[in-house]
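Enquirer: Whatever this is, show me its structure:
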Amino acid sequence: MLPISVRLHIAVLLVTERVHARLAHLRDDVAHEEGQTSAEYALVLLGAATVALLIALWAKNTDKVGGLLDAMFDKVIGMAP
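Expert: The predicted structure is shown next:
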């Protein structure tokens with residue numbers, strides 16, 4: 001039979017190994033989530049840029065935006081004393 005100090009040392013080594021394995025797994029999860037968050041952010045920005053481009057192309061072919069801005073400026077100028 002092994003002395004108690006050897007058995008205790010083996011138990012500590014096993015627990016330490018399990019803790020290190022768990023911490024490595026958690027670090028991998030965090031790194032994966034950060035990468036996933038970055039990818040989601042990039043997709044949202046790409047979607048927003050696409051919508052802005054479509055609105056800009058639509059505004060270029062119509063006079064709706066210019067008319068809206070003219071109406072807003074006329075209203076603001078009309079409110080000035």
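Enquirer: Past the helix or strand harbouring Arg22, which element shows up next along the chain?
Expert: Here Arg22 sits within helix 4-61, counting by DSSP states H and E. Later in the chain than helix 4-61, the nearest helix or strand by DSSP H and E is helix 64-79.
Enquirer: List the buried residues for that next one?
Expert: Within helix 64-79, no residue counts as buried by 16 or more other C-beta atoms under 10 Å. For the C-beta atoms, the positions are set from N, CA and C on the backbone; glycine is no exception.
Enquirer: again with stretch 37-46
Expert: By neighbour count with 16+ other C-beta under 10 Å, stretch 37-46 contains no buried residues.
Enquirer: tell me the mean pLDDT over that stretch?
Expert: Across stretch 37-46, pLDDT averages out at 82.
Enquirer: now the helix or strand of the chain with the lowest mean pLDDT and helix 64-79, what's the angle there?
Expert: Ranking every helix and strand in the chain by mean pLDDT, DSSP states H and E puts helix 4-61 at the bottom, with a mean of 80. Interaxial angle, helix 4-61 versus helix 64-79 (axes from the mean of the first three to the mean of the last three C-alpha atoms, to 10 degrees): 80 degrees.
Enquirer: returning to what we had before: for the helix holding Arg22, which helices and strands make contact with it?
Expert: Packing contacts for helix 4-61, counted by 3 or more C-beta pairs under 8 Å, 6 or more residues apart in numbering; DSSP states H and E, involve no helix or strand.
Enquirer: tell me how far it is from the chain's mean position?
Expert: Distance of helix 4-61 from the chain centroid (C-alpha atoms, centre = their mean, to the nearest Å) equals 10 Å.
Enquirer: can you check stretch 3-18 too?
Expert: On C-alpha atoms, centre = their mean, the centre of stretch 3-18 falls 42 Å from the chain's centre.
Enquirer: Then stretch 65-77?
Expert: Offset of stretch 65-77 from its chain centre (C-alpha atoms, centre = their mean): 37 Å.
Enquirer: Having no further points to raise, I will conclude here.
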